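Asker: What would the 3D arrangement of this be:
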Amino acid sequence: MLKKFKAPLWLRKLGIFLAVLGPGLITSSADNDAPGIATYSMAGSIYGYKFLFVILVVTIGEVVIQEIAARMGVVTGKGTADLIRERFGVKITTFSMFSLLLANLGTTVAQIAGVAASAELFGISRYIAAPLAAILVSLAVLRGSYKHIEKILIALSLTALSYIITVFLVKPPWGEVLRATFIPQFTLESTFILAVLATIGTTITPWGIFFMQSSVADKGLAIKDYPYTKIDATFGAAWGNVVSAFIVISTAVTLYVAGIHVDTAEQAALALAPLAGNAARILFSAGLLGASLLALSVLPLSTTYAFCEAFGFERGLNRPIKEAPTFYGIYLGITGLSVLIVLIPGIPLFPIMWLSQTLNAFILPVLLYLVIKLSSNERIMGQWKNTRLQNILATGLMVFISLVTVALVVASFWNPAS
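Answerer: Okay, here's the model as predicted:
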């Protein structure tokens with residue numbers, strides 16, 4: 001009689017981790033969206049390797065916030081908006097949801113614009129690519145359960161490997177890269193400060209917090225899964241920012257050295273071709289397309305999760321359309337409206353992207369305050385409430401973002417042309 005095979009402990013733990021893997025990786029990968037890639041490309045082309053230390057600091061902040069959101073999800077089984085409504089009431093919830101809806105609509109427009117721009121780099125018209133991408137993504141979401149959608153999103157997350165391959169093609173001076181990563185080189189210029197704020201705003205996002213906690217709850221993860229969920233949140237944040245760093249490196253070693261400054265990701269892709277070869281341009285463009293499709297899937301979802309949680313509508317990818325019509329209706333509405341905006345001839349997309357990121361910057365300190373209060377509440381979190389160190393790190397991040405946001409407002413009034 002054959003003995004029943006028993007897998008070794010390490011293999012069983014790996015299997016559990018792979019089953020839990022998803023929310024953290026997807027959230028952080030979606031942060032590297034069209035505005036994000038544009039921000040990192042601009043920073044690399046203007047400031048070179050010195051911006052890598054900023055990425056390192058932001059990574060620490062994102063790890064802290066991702067872990068808090070994931071922990072609240074497994075402990076309460078509820079989304080962030082659910083807890084905000086229960087703890088802070090209707091007025092604060094309505095303000096938070098209205099601000100989130102405006103910011104996410106602008107950012108979703110940016111993702112459609114990213115799909116259109118990357119498609120045009122491959123010779124496909126935006127008038128074909130934008131609606132086709134929106135239809136395919138929407139069909140995938142509407143017809144799939146969370147389990148199946150998550151697999152698609154994880155696959156899209158892996159398109160970020162194209163940026164890592166690009167860096168190895170351009171062969172940067174690794175010694176200089178490592179020194180710049182761990183030695184701060186801040187520049188007291190308004191453009192550098194704005195680039196830091198943009199990096200924070202595109203990495204630690206309000207929608208990311210809502211999506212992280214809601215997807216953990218929607219996946220049905222519980223306290224017993226927390227150790228693996230924590231690894232997923234930490235690994236996801238680290239992976240997303242490693243990709244961000246590689247985008248900075250790829251533009252620093254080529255565009256910065258050549259004195260070429262770019263404002264958009266498509267400009268960076270085009271500028272790479274004569275400097276690093278057509279393969280680098282294709283990889284950079286493919287990364288932009290994959291990132292835009294991933295964020296296009298996640299951003300409307302984060303909005304619908306938050307809105308339905310806040311106002312008591314049925315929600316979740318595991319529910320059929322007839323049980324959650326508001327959930328799916330908001331998703332389709334945001335996606336469809338974003339496509340129409342992008343296809344308006346001559347519409348200035350960059351100001352829309354800028355406005356959405358600015359709204360994110362204004363919303364984030366308020367949301368962080370609410371999240372810190374919730375995750376420190378023993379009645380809600382029990383023994384899983386924040387430690388003193390977690391509160392110090394999260395509060396320090398909130399204060400820092402608030403100060404930089406104030407500096408942005410002052411700089412805008414002081415010199416509107418900038």
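
Asker: Okay, residue 170 and residue 89: tell me how far apart.
Answerer: 53 Å (C-beta to C-beta, to the nearest Å). C-betas here are computed from N, CA, C, even on glycine.

Asker: Those two: which is more packed in?
Answerer: Neighbour comparison, residue 170 and residue 89: the larger count goes to residue 170, with 18 against 10 (by other C-beta atoms under 10 Å).

Asker: and residue 307, what is it in contact with?
Answerer: 81, 97, 100-101, 313, 326, 330 (C-beta atoms under 8 Å, 6 or more residues apart in numbering).

Asker: Which ones among those map onto helices?
Answerer: Among the contacts of residue 307, the members falling in helices (DSSP state H) are 81, 97, 100-101, 326, 330.

Asker: Name the nearest of these relative to residue 254.
Answerer: Set against residue 254, the nearest of the ones in helices among the contacts of residue 307 by C-beta to C-beta is residue 100 (36.8 Å).

Asker: follow-up on the earlier one: give me the buried entries from the ones in helices among the contacts of residue 307.
Answerer: Buried members of those, scored by 16 or more other C-beta atoms under 10 Å, are 81, 97, 100-101, 330.

Asker: Distance to residue 218 and pLDDT added to these, as a markdown table?
Answerer: What follows is those, written out as a markdown table (distance: C-beta to C-beta, whole Å; pLDDT from 0 to 100):
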| residue | distance to residue 218 | pLDDT |
| --- | --- | --- |
| 81 | 13 | 86 |
| 97 | 18 | 85 |
| 100 | 18 | 81 |
| 101 | 20 | 83 |
| 330 | 16 | 88 |
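
Asker: Nearest to residue 370 among those?
Answerer: residue 81 (10.2 Å).

Asker: surely the closest one meets residue 210?
Answerer: Yes: Residue 81 sits in contact with residue 210 when judged by C-beta atoms under 8 Å, with a separation of 6.4 Å.

Asker: which residues are in contact with both of these two?
Answerer: Contacts common to residue 81 and residue 210, judged by C-beta under 8 Å, 6+ apart, are 305-306.

Asker: And the helices in the stretch 101-250 of the chain?
Answerer: Assigned by DSSP state H, counting those that start in this stretch, the stretch 101-250 of the chain shows helices spanning 126-143, 146-157, 161-170, 174-182, 190-203, 206-218, 226-251.

Asker: sorry, back to before: what's the closest of the buried ones among the ones in helices among the contacts of residue 307 to residue 309?
Answerer: Nearest to residue 309 among these, counting by C-beta to C-beta, is residue 81 at 3.8 Å.

Asker: For that closest one, which residues are in contact?
Answerer: 93, 96-97, 210, 214, 305-307, 309-310.

Asker: contacting residues around residue 185?
Answerer: Taking C-beta under 8 Å, 6+ apart as the test, what residue 185 contacts is 50, 53.

Asker: Next one: it from residue 277, what distance?
Answerer: Distance from residue 185 to residue 277, by C-beta to C-beta: 29 Å.

Asker: do the same with residue 204
Answerer: 34 Å.

Asker: For those two, work out which one has more neighbours and name it.
Answerer: residue 204 (25 against 14).

Asker: quick one: the helix or strand encompassing residue 74 to helix 190-203, angle?
Answerer: Assigned by DSSP states H and E, residue 74 falls within helix 52-76. Calculated by axes from the mean of the first three to the mean of the last three C-alpha atoms, to 10 degrees, helix 52-76 forms an angle of 30 degrees with helix 190-203.

Asker: Specify the angle between helix 52-76 and helix 174-182 in degrees.
Answerer: Going by the same axes, to 10 degrees, helix 52-76 makes 60 degrees with helix 174-182.

Asker: rewinding a little: the ones in helices among the contacts of residue 307 into CSV, with extra columns for distance to residue 386?
Answerer: Compiled in CSV, the ones in helices among the contacts of residue 307 are given as follows (distance: C-beta to C-beta, whole Å):
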residue, distance to residue 386
81, 20
97, 24
100, 23
101, 28
326, 33
330, 31
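
Asker: in the lengthiest helix in the chain, what counts as buried?
Answerer: Across the chain, the longest stretch assigned as helix under DSSP H is helix 278-311. Within helix 278-311, the residues that count as buried by 16+ other C-beta under 10 Å are 280-310.

Asker: ok, residue 362 to residue 395 distance?
Answerer: Distance from residue 362 to residue 395, by C-beta to C-beta: 18 Å.

Asker: Check residue 63 too.
Answerer: Distance from residue 63 to residue 395, by C-beta to C-beta: 15 Å.

Asker: Please apply the same query to residue 153.
Answerer: 31 Å.

Asker: Neighbour count: the two, which is higher?
Answerer: Using other C-beta under 10 Å, the more surrounded residue of residue 153 and residue 395 is residue 153, with 25 against 15.

Asker: Now do the more buried one, the pLDDT please.
Answerer: In this model, residue 153 is scored at 70, pLDDT.

Asker: same deal with residue 194?
Answerer: At residue 194, pLDDT is 75.

Asker: How about residue 393?
Answerer: 90.

Asker: now swap in residue 342 and tell me
Answerer: Confidence score, pLDDT, at residue 342: 86.

Asker: The residue lying closest to it once chain neighbours are set aside and residue 301: what is the separation?
Answerer: Spatially, and ignoring its direct neighbours in sequence, residue 342 is nearest to residue 112 (4.4 Å; C-beta to C-beta, 6 or more residues apart in numbering). From residue 112 across to residue 301, the span is 15 Å (C-beta to C-beta).

Asker: How about residue 288?
Answerer: Distance from residue 288 to residue 301, by C-beta to C-beta: 21 Å.

Asker: For this protein, name the helix or strand with the lowest mean pLDDT.
Answerer: helix 9-20 (a mean of 44; mean pLDDT, DSSP states H and E).

Asker: now residue 346, what's its secondary structure?
Answerer: Secondary structure, DSSP: H, G, I helix; E, B strand; the rest coil: residue 346 is coil.

Asker: list the contacts for it?
Answerer: Applying C-beta under 8 Å, 6+ apart, no residues contact residue 346.

Asker: so residue 359 is in which element?
Answerer: Counting by DSSP H and E, residue 359 is found in helix 349-375.

Asker: hang on, the earlier thing: dump the contacts of residue 307 to TSV, plus distance to residue 259.
Answerer: Converted to TSV, the contacts of residue 307 look like this (distance: C-beta to C-beta, whole Å):
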residue	distance to residue 259
81	47
97	45
100	40
101	41
313	53
326	52
330	46
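
Asker: Many thanks, have a good one.
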